[in-house]
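Q: would you be able to build a 3D model of this:
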Amino acid sequence: MKKAAFILIYLSLLGCASQQIVTSHKKEVLSHQEEVITRIPDKLSLKGQVKRYKERSYTPIFQKLSQKDSIFSRWSETPYFEIEYFFDSKGNIVKEYQQVKEQTDFLYYISESKYLYNEKGKLMQKIFKEGAFPQTDNNQYKYIYYTNYIYDDKNRLIEEEECALDLLEGKKVIYTYDEYGNIIEKISFTDNNNYFYKEIYNYDNENRQISYKKIYITNGYKNEIKKNTWKYDNLGRIIEEYIYELSTTQYKEGTLIYNNTIRYYKYNTNGKLFEIMDQYLSDSILAQGATHGHTYYAYDLEGNLLCKSNFGDGKLRWRECYDACQHLVEEVYVSQEGETYRKQHYYQEDTYHNLIERLIISDSPVELSRYEIEYYRE
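A: Have a look, this model is predicted:
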């Protein structure tokens with residue numbers, strides 16, 4: 001009852017925040033808005049020509065009713081997480097700011113990044129600053145890092161070099177390409193540690209990647225920490241994949257295996273992926289004691305993803321469901337002990353159909369995220 005009452009109050013305050021109402025606006029988007037996309041690393045792309053994007057996340061505060069019972073009271077006044085991006089008119093990120101509230105109320109982790117581009121729009125330098133501070137303004141950063149990017153005469157990135165302000169610490173990444181422009185080798189190493197990583201890529205005659213290998217090398221010791229191979233059908237779709245990956249960056253003998261699987265892909269008559277079958281070759285963190293895993297995909301008549309569900313030896317492990325705008329609206333997770341956990345997501349959107357608010361509820365409110373978006377006006 002408490003959960004239902006909270007949802008009703010929330011929806012009455014926000015109006016279009018319900019999962020059903022949000023999706024009803026999808027067809028109203030103007031065509032010229034849909035054509036312009038602003039991309040942010042590791043986040044959903046934004047529709048429209050974005051000038052500034054800010055995300056804040058808040059935690060719930062509960063009022064204690066008794067030793068065993070409490071009720072949601074309000075959201076925290078200060079966000080525990082905040083990130084902000086600034087873009088130029090070409091969609092390039094020119095500045096990034098991040099703030100995380102630590103466990104103590106009087107300490108914040110803060111970082112800033114500045115990006116510099118050449119006249120061709122290629123990233124040339126990134127300046128990254130970070131530190132822990134008792135306040136959020138007027139801070140002097142102790143740690144400053146510079147990353148320079150070097151390109152060949154074909155505008156391909158061939159080297160990244162990072163160094164600290166005092167030049168005592170550094171990292172370097174070197175890329176090698178084949179005649180078709182595919183990366184065939186990537187080497188990452190540091191100046192102050194006696195180890196490096198080598199990544200090797202192989203392709204078939206149609207320039208499709210068929211294998212990948214990541215090797216950890218230190219003091220003459222080599223260890224394959226990740227390996228993949230792929231097979232394709234006559235339409236160029238992946239139908240089989242081998243995955244091997246260790247579970248930690250501390251690559252010592254005896255490290256647990258995160259994944260060791262042969263994966264098979266199946267597609268429906270519309271060419272949509274509808275099943276992934278995993279055959280676990282050994283026990284691993286991902287297998288959770290199972291011998292087989294299945295992930296099923298369900299779509300609506302327009303081809304939009306509705307749900308994807310994962311099973312281990314026939315038992316549900318997790319499920320994710322989406323609305324017509326492809327927003328995640330429900331999560332279900334089943335623990336190895338058989339306990340089921342659910343989360344529901346509710347959204348508000350702006351006229352470009354970018355999120356301006358997201359609420360996550362389980363048995364009680366879990367998290368509230370608010371988004372500020374400023375656009376270049378056309």
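Q: residues contacting Arg74?
A: Each residue near Arg74 by Cβ atoms under 8 Å, 6 or more residues apart in numbering is listed here: Pro60, Ile61. Where you see a C-beta, it was placed from the backbone N, CA and C, and this is true even at glycine.
Q: which helix or strand contains it?
A: Element membership for Arg74 (DSSP states H and E) is strand 70-75.
Q: kindly report the same for Phe189.
A: Using DSSP H and E, Phe189 sits within strand 183-190.
Q: now do Tyr141
A: Per DSSP H and E, there is no helix or strand for Tyr141.
Q: can you check the one 3 residues further on too?
A: Of the helices and strands defined by DSSP H and E, Ile144 is found in strand 143-151.
Q: and that strand, what does it pack onto?
A: If contacts are counted by 3 or more Cβ pairs under 8 Å, 6 or more residues apart in numbering; DSSP states H and E, strand 143-151 sits against strand 123-133, strand 157-164.
Q: can you rerun that using 10 Å?
A: Judged by 3 or more Cβ pairs under 10 Å, 6 or more residues apart in numbering; DSSP states H and E, strand 143-151 is in contact with strand 108-117, strand 123-133, strand 157-164, strand 170-177.
Q: just to revisit the earlier point, what's the strand holding Phe189 packed up against?
A: strand 157-164, strand 170-177, strand 195-203, strand 209-218.
Q: what lies in contact with it?
A: Outside strand 183-190, the residues that touch it by Cβ atoms under 10 Å, 6 or more residues apart in numbering are 156-157, 160, 162, 169-178, 195-203, 209, 214-215, 217.
Q: please, a PyMOL command that selects the buried ones among those residues?
A: In PyMOL, this line selects whichever of the contacts of strand 183-190 come out buried by 16 or more other Cβ atoms under 10 Å:
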select buried, resi 157+160+162+170+171+172+173+174+175+177+196+197+198+199+200+201+209+214+215+217
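Q: which residues in the protein form helices?
A: Along the chain, the stretches classed as helices by DSSP state H are 2-14, 19-23, 31-35.
Q: would you single out the least confident of the ones you listed?
A: Lowest mean pLDDT of these: helix 19-23, a mean of 41.
Q: pLDDT (mean, whole number) over stretch 211-218?
A: For stretch 211-218, the per-residue pLDDT averages 91.
Q: residues in contact with that stretch?
A: 186-189, 193-204, 222-230, 242-246, 249-252, 255.
Q: contacting residues around the closest residue in space to Gly181 that isn't next to it in sequence?
A: Excluding its sequence neighbours, the residue lying closest to Gly181 (Cβ to Cβ, 6 or more residues apart in numbering) is Arg156, at 6.6 Å. Arg156 makes contacts with Tyr175, Thr176, Tyr177, Gly181, Ile183, as judged by Cβ under 10 Å, 6+ apart.
Q: pretty sure the second one sits against Leu157.
A: Right, Thr176. No - using Cβ atoms under 10 Å as the test, Thr176 is too far from Leu157 to be in contact (11.1 Å).
Q: what about the strand holding Arg74, distance to the chain center?
A: Remark: strand 70-75 is offset 29 Å from the chain centroid, using Cα atoms, centre = their mean, to the nearest Å.
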